[in-house]
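Chemist: how would this look folded up:
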Amino acid sequence: MLEDSARLTSLICGTEPLNRIWSPRATIQRMLDVEAALARALAARQVIPAAAVAPIERACDAARLDADALARGAALGGNLAIPLVKQLTAQVKADDPEAAKFVHWGATSQDIIDTATVLQLRDTLDVLEPLLDEACTSLAALARTHRATPMIGRTWLQQALPITLGLKFAQWLDALLRHRARFAELRERALVLQFGGAAGTLASLREQ
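Modeler: The predicted structure is shown next:
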């Protein structure tokens, strides 16, 4: 149901690879990926028992959750993480009641939502960067091919002095190269996880 409604408008402003990254099911899966990674990290620091990791990882599969119930729960709770953690805990409890005590340990909703979004942004950059590189390569070739091809120049919607088509392509290329540099900056500046706990202090983890 969620996937069907999302497809009504997705192809207008996206591509199939990007639609897969940002689909409702992929969003849920990325949140579950964060929950699984959290359990592994906490076990590595001996904050939670190592035995709790495998049951949590097994339950972190979007196909095992009720997406429509998640949507209803998100509307009631104000975010998707609340019903997701509830369903995830129930799945883990059915497998290992003791491990269920350590689901979402030390985290808060914002930690899961924001970090999952960062993972999706990373996946998006992985799709867009090669496309941008391809566009830059094509524009560079066109600029060389048409460096002497005349065309009408324009100023304020009027014809002006002639320019070359190669110049126009080179100007477009210059803009895209700046965007390429911005993508590189984004990887350094934006692709960071969020982990602060309920009040942002990680107090529940104590000294670990």
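
Chemist: the residue of the chain most remote from its centre - nearest residue in space that isn't next to it in sequence?
Modeler: Distance from the centre of the chain peaks at Leu161, with 46.1 Å (C-alpha atoms, centre = their mean). In this structure, Leu161 finds its nearest non-sequential neighbour in Gly153, 5.1 Å apart by C-beta to C-beta, 6 or more residues apart in numbering. C-beta: built from backbone N, CA, C; applies to glycine.

Chemist: contacting residues around the one you found?
Modeler: Each residue near Gly153 by C-beta atoms under 8 Å, 6 or more residues apart in numbering is listed here: Gln159, Ala160, Leu161, Pro162, Ile163.

Chemist: out of those residues, who's nearest Ser23?
Modeler: Checking the contacts of Gly153 against Ser23 by C-beta to C-beta gives Ile163 as the nearest, at 44.0 Å.

Chemist: can you list the weak-confidence ranges in this structure?
Modeler: Along the chain, segments meeting pLDDT under 70 span 1-13, 208.

Chemist: any buried residues in whichever helix in it runs longest, and which?
Modeler: For the chain, the helix with the greatest residue count under DSSP state H is helix 109-145. For helix 109-145, the neighbour count (16 or more other C-beta atoms under 10 Å) marks 109-121, 123, 125, 128, 136, 139, 142-143 as buried.

Chemist: got a list of what Lys86 touches?
Modeler: Gly73.

Chemist: again, only using 10 Å
Modeler: Ala69, Leu70, Gly73, Gly77, Val103, His104 (C-beta atoms under 10 Å, 6 or more residues apart in numbering).

Chemist: PyMOL command for the buried members of these?
Modeler: Here is the PyMOL command that selects the buried residues among these (16+ other C-beta under 10 Å):
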select buried, resi 70+73+103+104
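
Chemist: turn the contacts of Lys86 into CSV, including secondary structure.
Modeler: Putting the contacts of Lys86 into CSV (DSSP: H, G, I helix; E, B strand; the rest coil) gives the following:
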residue, secondary structure
Ala69, helix
Leu70, helix
Gly73, helix
Gly77, helix
Val103, coil
His104, coil
